[in-house]
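[1] Output the structure for:
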Amino acid sequence: MSTCPLPVRATVRDVLADLLGREVTIDQAAPQTLDDERAAYAATYVWDDGRVAAVGIWELSLAAGAGSAIGMVAAEQAVDAVEAGALSEEQREFFHEVVNVLAKVLNSPETPHVKLRGVDVVPGQVPRDMADLVLEPQARQDFAVSVDGYGEGTLTFLA
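    Below is the predicted model of the structure:
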């Protein structure tokens, strides 16, 4: 069984900067922990055969900022989402596009193809296979990401 290769910091930065049309800075971060009191968004990536390959966990503030930036909506909407504790429907659609494009950073010539399966709010009901990977990952990468004008937050990749 292949392990999905996790991206390096510069690759994630470059893809996000190109996609969002804004300066993006990324540093290593302390491991992100999920909290019942704070929403986060989990993007599940699968191999072509449907098995879970990786999960990207986005702190709400970063998901809101990235979704707002790609949609070219006011940065205040990202702040509103954090205060509300959830993305608006429009932000969720825009955010889905961000995590869909980021599937490319999880692909390599040496492993099977990886694609986005879906996005779930955590805490909340999530698919069992995704939860299994989150509970026992073989690899982990935590990034502190800042999107110019749209805020910052932690992005964790698990494989």
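
[2] Val12 belongs to a helix, doesn't it?
    Yes. Membership of Val12 in a helix is supported by DSSP: H, G, I helix; E, B strand; the rest coil.

[3] can you pull the contacts of it?
    Residues near Val12 by C-beta atoms under 8 Å, 6 or more residues apart in numbering: Ile26, Leu102, Val105, Phe143, Val145, Leu155. C-beta: built from backbone N, CA, C; applies to glycine.

[4] Just the ones of the residues you listed in strands?
    Mapping the contacts of Val12 onto strands (DSSP state E) picks out Ile26, Phe143, Val145, Leu155.

[5] Any of the contacts of Val12 buried? List them.
    Buried members of the contacts of Val12, scored by 16 or more other C-beta atoms under 10 Å, are Ile26, Leu102, Val105, Phe143, Val145, Leu155.

[6] now, among those, which is nearest to Leu135?
    Proximity of these to Leu135 was ranked by C-beta to C-beta; the top entry is Leu155 with 18.9 Å.

[7] Now for the closest one: which residues touch it?
    Val12, Gln32, Gly56, Ile57, Trp58, Glu59, Leu62, Asp142, Phe143, Val145.

[8] what's the span of stretch 107-116, first residue to last?
    Taking C-alpha to C-alpha, to the nearest Å, stretch 107-116 runs 11 Å from one end to the other.

[9] do the same with stretch 108-123
    30 Å.

[10] Using a markdown table, please lay out the contacts of Val12 together with pLDDT and distance to Ala86.
    Shown next, in a markdown table, are the contacts of Val12 (pLDDT from 0 to 100; distance: C-beta to C-beta, whole Å):
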| residue | pLDDT | distance to Ala86 |
| --- | --- | --- |
| Ile26 | 97 | 25 |
| Leu102 | 96 | 21 |
| Val105 | 95 | 26 |
| Phe143 | 97 | 22 |
| Val145 | 98 | 19 |
| Leu155 | 97 | 18 |
